[in-house]
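Colleague: Fold the following, please.
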Amino acid sequence: PAVSGLLTYSGDLGAGEEHHSCAHHGGILTRSDRLQTVNRMHLNLLKHLLNLLKSNNILNDTLVLYGTDMNDGNLHTTNNIPTLLCGGGNDLKFGQDVTLPNSTPYTRLLLSILSLYGVNLSSLGEGDMTTSGNINSSLST
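Modeller: Take a look at the predicted model:
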């Protein structure tokens, strides 16, 4: 949905450029400021979701992955992609910062998460997206 010009934001965000255009800010301060505002709105939506899960007593049985597919939307960089895992899902160790080498494919994280839930795949996606191992030792207790 972030690439859709059909998305409109209401409330405090007001009218303006959509997320994708702002991610391609080109160094234009008004676009990067708007991107920060949109990102804050997305984080507030995540907070709302987590509060709903908690108030319905299902947060500890849930794993929420929040993130993006790029580190820098303006440059389309795909290394060091910021990702947040929330919830209690499958005895994961939370409250830590896991930093992997820049050459680690993002799909390695996704494959590792799937394996924690008993879904064991050797690859995910297209192209050279296989993993030689998992990172479960970093994620689980």
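
Colleague: In terms of secondary structure, what does the helix ranked longest in the chain contact?
Modeller: Assignment by DSSP state H gives helix 29-55 as the longest helix of the chain. If you count contacts as 3 or more CB pairs under 8 Å, 6 or more residues apart in numbering; DSSP states H and E, helix 29-55 packs onto helix 19-23, strand 63-67, strand 83-87. (Glycine included, C-beta is placed from N, CA and C.)

Colleague: switch the cut-off to 6 Å
Modeller: Secondary-structure packing of helix 29-55 (3 or more CB pairs under 6 Å, 6 or more residues apart in numbering; DSSP states H and E): helix 19-23.

Colleague: Mind exporting the C-alpha coordinates of the helix it packs on to PDB?
Modeller: This file holds the C-alpha atoms of helix 19-23, laid out as PDB (Å, rounded to 0.1, in the frame of the first residue of the first chain):
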ATOM      1  CA  HIS A  19       4.400   7.700   1.900                       C
ATOM      2  CA  HIS A  20       6.100   6.400  -1.300                       C
ATOM      3  CA  SER A  21       6.700   9.900  -2.700                       C
ATOM      4  CA  CYS A  22       8.100  11.000   0.700                       C
ATOM      5  CA  ALA A  23      10.400   8.000   0.900                       C
END
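
Colleague: In terms of helices and strands, where is residue 99?
Modeller: Of the helices and strands defined by DSSP states H and E, none includes residue 99.
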